[in-house]
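J.: just to be clear, the model below is a prediction. Sequence and coordinates:
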Amino acid sequence: MNISRRVAGRRLLEKLLPRAEKWLDEQEATRPEQFPFFDNSPLVKAAAPYLTLKNAEAIFISEGQLGGWIADIAFKSVPLGVVDMIGTPVSSPHKTRAEAEQAAIIILAALIAKERNGTGDEAAPPVMLYHGHEVALNQKLLERLQGTSPRIGGDEAVRMLCELEERLFVDGFDEQLIETLPREENQVLGIALHLAALAGVLRYPENQPATPSHHTASVSTLQ
């Protein structure tokens, strides 16, 4: 992210913070769990201890991939394999920039409510959502890959997973085939998912639901 965009995002955070405090004071809902931002997604659960007002770094309002506008709040310090930005869904953009800005205010208000109530969150294991299934991320493997593998961007990570799936699942992705993959191919897929996580891709494909099914994919990772 370029410096000018980050600076603009910090200024927007400072600008919207008083409006978020005012908005919260006018609401009946005062507990953080009463806000839609605090959902049951395993991605949010893993990041919950780090989604705090003190750790918030910037707010970004941008045009969505499907048109319209989306809002995101970025956070300064999060562990590997944990989302460092939360916001409005890309699949449901707001019609105007003003609406997206108001959504950012509500998310910010949830962080304020969390701080006011002294709500503490226990850290949940980092996970990736792969075709709607939770894949547990190995923290030691993430650290090892970060130190030994070339850094890739999000788009490159998505291409990597797409190409790998074309090779592993010739007739298209089938969740049942994961169980029958040879051990080496299963480990290759596991490492690829960890590389994608390092690139910030924690949900693949992007259009899958944030809350997964109750199944956990059996993807092996090297210890």
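T.: Sure thing, it's come through. Numbers count the residues shown, from 1 in each chain.

J.: quick check: V127 touching A46?
T.: Yes. Counting by Cβ atoms under 8 Å, V127 touches A46, with 5.9 Å between them. All C-beta spots, glycine's among them, are computed from the backbone N, C-alpha and C.

J.: please identify the buried residues of stretch 81-88?
T.: Neighbour counts over stretch 81-88 (16 or more other Cβ atoms under 10 Å) mark G81, V82, V83, D84, I86, G87, T88 as buried.

J.: oh, that last question was meant for stretch 195-210, not what I typed.
T.: L195, A196, A197, L198, A199, V201, L202, R203, Y204, Q208.

J.: can you list the residue ranges for helices in this protein?
T.: For the chain, the helices defined by DSSP state H cover 3-25, 42-47, 97-116, 139-148, 154-168, 175-178, 183-198.

J.: from D174, how far off is L168?
T.: 10 Å (Cβ to Cβ, to the nearest Å).

J.: correction: R159
T.: Separation of R159 from D174 (Cβ to Cβ) stands at 21 Å.

J.: list just the nearest of the buried residues of stretch 195-210 to G118.
T.: L202 (28.0 Å; Cβ to Cβ).

J.: from L141, how far out is the residue nearest to I152 when sequence neighbours are not counted?
T.: Once flanking residues are discounted, I152 sits nearest to A199: 5.1 Å by Cβ to Cβ, 6 or more residues apart in numbering. To L141, A199 is 15 Å away according to Cβ to Cβ.

J.: repeat for E166
T.: E166 sits at a distance of 24 Å from L141 (criterion: Cβ to Cβ).

J.: neighbour-wise, which of those two wins?
T.: When E166 and L141 are compared for neighbours, L141 comes out ahead with 20 against 11, by other Cβ atoms under 10 Å.

J.: which pLDDT value goes with the more buried one?
T.: For L141, the pLDDT comes out at 90.

J.: wait, it touches I191, no?
T.: Yes. The pair L141 / I191 is scored as a contact, 7.5 Å apart, by Cβ under 8 Å.
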